[in-house]
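>>> Sharing a model that was predicted from the sequence below.
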Amino acid sequence: AQSVTQLDSHVSVSEGTPVLLRCNYSSSYSPSLFWYVQHPNKGLQLLLKYTSAATLVKGINGFEAEFKKSETSFHLTKPSAHMSDAAEYFCVVNVYNFNKFYFGSGTKLNVKP
Amino acid sequence: SQTIHQWPATLVQPVGSPLSLECTVEGTSNPNLYWYRQAAGRGLQLLFYSVGIGQISSEVPQNLSASRPQDRQFILSSKKLLLSDSGFYLCAWSVPGGSTDTQYFGPGTRLTVL
């Protein structure tokens, strides 16, 4: 069975400090993993994806994530938060050839000035 | 390049009225198509997905239905809306096959049922 757990429903950081959004997955197969960002009343925008190549994946807007198979984790990080990063972030797992994407419950990131 | 459209952007409907939301994709052929609902304070719930014309898989039993009359058109419908149908509806597409599928989302439709 496949599932995704986002460990924090809300994260609050100050502008200029690091961001860590945690994601753990469960998959019976080698997964593809994604992070999406959603600003209020907008669709989801792809930040980055892992597809069995390099375990450290760099995405847009300075975000990156590291795939750790031993820990079944795919945490999203950014060295320095910007006010425009305030949004909701979703971790997603896709299993090869099953045409389904499993979403975490989301983490709302608040960035304080 | 590929683009995905959804309309309307916002909709306010009375309980018991019908619903039709439309999603179209441009710039790709035979995409996988998906309908999600995002209710307030909840994550994304997959409602339907389709791997081809006329092929619809339902994930959650409900009073909604989906149809795919054309390759790049996906329609979400209801005969009688419930209050619980309120939410943000997102359509998405992906390229079928392989382990590098990525979903691309439309801008969404905000549905309020009164």
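Received it, and whenever you're ready, just let me know what you need.

>>> contacting residues for the residue with the shortest distance to the centre of chain B?
Nearest residue to the geometric centre of chain B (C-alpha atoms, centre = their mean): B:Trp35, 2.8 Å. With contact set as C-beta atoms under 8 Å, 6 or more residues apart in numbering or on different chains, B:Trp35 has these partners: B:23, B:46-49, B:66, B:74, B:76, B:89-91. Any C-beta I mention is one placed from the backbone N, CA and C, and that applies to glycine too.

>>> switch the cut-off to 7 Å
Counting by C-beta atoms under 7 Å, 6 or more residues apart in numbering or on different chains, B:Trp35 makes contact with B:47-48, B:66, B:74, B:76, B:89, B:91.

>>> Next SSE downstream of the least confident helix or strand in chain A by mean pLDDT?
Least confident element among the helices and strands of chain A, by mean pLDDT, DSSP states H and E: strand A:101-103 (a mean of 86). Remark: after strand A:101-103, the chain's next helix or strand is strand A:107-112, criterion DSSP states H and E.

>>> and that next one with chain B, contact?
No - Strand A:107-112 lies out of reach of chain B by C-beta under 7 Å from any C-beta of the partner chain, never closer than 10.2 Å.

>>> Rounded mean pLDDT for that strand, please.
Across strand A:107-112, pLDDT averages out at 96.

>>> ditto for stretch B:78-86
Here stretch B:78-86 scores 94 as its mean pLDDT.

>>> Next: stretch A:17-35.
90.

>>> First-to-last residue distance for that stretch?
End-to-end distance for stretch A:17-35: 20 Å, by C-alpha to C-alpha, to the nearest Å.

>>> Count the residues that sit near the residue nearest to B:Tyr89 when sequence neighbours are not counted.
Closest residue in space to B:Tyr89, ignoring its immediate chain neighbours: B:Thr109 at 4.6 Å, by C-beta to C-beta, 6 or more residues apart in numbering or on different chains. B:Thr109 has 21 neighbouring residues, counting by other C-beta atoms under 10 Å in any protein chain shown.

>>> mind listing what the closest residue to B:Leu19 other than its chain neighbours touches?
Computed as C-beta to C-beta, 6+ apart, the closest residue to B:Leu19 that is not its neighbour in sequence is B:Ser78, at 4.0 Å. B:Ser78 is in contact with B:18-19, B:63-64, B:85, counting by C-beta under 7 Å, 6+ apart.

>>> Just list whatever residues bridge to residue 37.
In the absence of a named chain, this looks at chain A. Bridge pairing for A:Val37 (DSSP bridges) gives the partners A:Gln45, A:Tyr89.

>>> Chain B, not that one
Beta-bridge pairing for B:Arg37 (DSSP bridges): B:Gln45, B:Tyr89.

>>> Would you mind measuring from it to A:Leu46?
Distance, B:Arg37 to A:Leu46, using C-beta to C-beta, to the nearest Å: 20 Å.

>>> and what of A:Ser30?
For A:Ser30, the distance to A:Leu46 - C-beta to C-beta - is 20 Å.

>>> okay, the two: which has more neighbours?
Neighbour count, other C-beta under 10 Å: between A:Ser30 and A:Leu46, A:Leu46 has more, with 16 against 11.

>>> Skipping adjacent residues, who's closest to the spatially most central residue of chain A in space?
Centroid-nearest residue in chain A: A:Trp35, 3.5 Å away (criterion: C-alpha atoms, centre = their mean). Of all residues not flanking A:Trp35 in the chain, A:Leu47 sits nearest, at 4.4 Å (C-beta to C-beta, 6+ apart).
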